[in-house]
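# my questions concern the predicted model and sequence given below.
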Amino acid sequence: MKDNTYVYIMTNKWNTVVYTGVTNDLKRRVFEHKEKLVEGFTRKYNIDKLVYYEVFNDPENAIAREKQIKGGSRAGKIDLINSLNMSWRDLYDEI
């Protein structure tokens with residue numbers, strides 16, 4: 001059985017910046033963002049709240065979806081988050 005791959009969107013506590021990523025271990029990856037263990041964009045902008053994710057059976061489809069989301073507008077990302085998480089609550093404890 002293949003492991004799942006996840007496409008996820010995170011934001012900061014003010015919901016002003018959105019970050020889209022892909023991983024094969026969502027819990028670990030979000031923890032790394034929360035604890036500022038990842039250099040770069042997410043550390044710089046204090047991105048530590050998981051607000052959206054999708055589960056895929058294979059990495060190829062997940063990577064294609066990540067590119068699709070990243071290539072879209074900010075409004076499109078906001079609509080995507082709102083479609084499943086209208087209050088933008090942190091989903092970390094639910095995964």
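All right, it came through fine. Numbering: from 1, shown residues only.

# now the terminal residues of stretch 33-43, how far apart.
Criterion Cα to Cα, to the nearest Å; first-to-last residue distance in stretch 33-43 is 7 Å.

# buried sites along that stretch?
Buried positions in stretch 33-43, judged by neighbour count with 16 or more other Cβ atoms under 10 Å: His33, Lys34, Thr42. The way it works is simple: take the backbone N, C-alpha and C, and place the C-beta from them, glycine included.

# pLDDT-wise, which helix or strand of the protein ranks last?
Across the helices and strands of the chain, mean confidence by mean pLDDT, DSSP states H and E is lowest for helix 41-44: a mean of 95.

# mind listing what's buried in the host helix or strand of Ala75?
In this structure, Ala75 sits in helix 74-84 according to DSSP states H and E. Taking 16+ other Cβ under 10 Å as the neighbour-count basis, helix 74-84 is seen to contain the buried residues Lys77, Ile78, Leu80, Ile81.

# same question for stretch 9-25: list its buried residues.
Along stretch 9-25, these residues count as buried under the neighbour rule (16+ other Cβ under 10 Å): Ile9, Met10, Thr11, Val18, Tyr19, Thr20, Gly21, Val22, Thr23.

# just the ones of those residues in helices?
Among the buried residues of stretch 9-25, no member falls in helices (criterion: DSSP state H).

# could I get these as a markdown table with pLDDT and distance to Trp88?
Rendered in a markdown table, the data for the buried residues of stretch 9-25 read as follows (pLDDT from 0 to 100; distance: Cβ to Cβ, whole Å):
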| residue | pLDDT | distance to Trp88 |
| --- | --- | --- |
| Ile9 | 98 | 10 |
| Met10 | 98 | 11 |
| Thr11 | 98 | 7 |
| Val18 | 97 | 10 |
| Tyr19 | 97 | 14 |
| Thr20 | 98 | 15 |
| Gly21 | 98 | 17 |
| Val22 | 98 | 21 |
| Thr23 | 98 | 20 |
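
# just to revisit the earlier point, so which of the buried residues of helix 74-84 is the closest to Glu54?
Within these, proximity to Glu54 (Cβ to Cβ) peaks at Leu80, which comes in at 9.2 Å.
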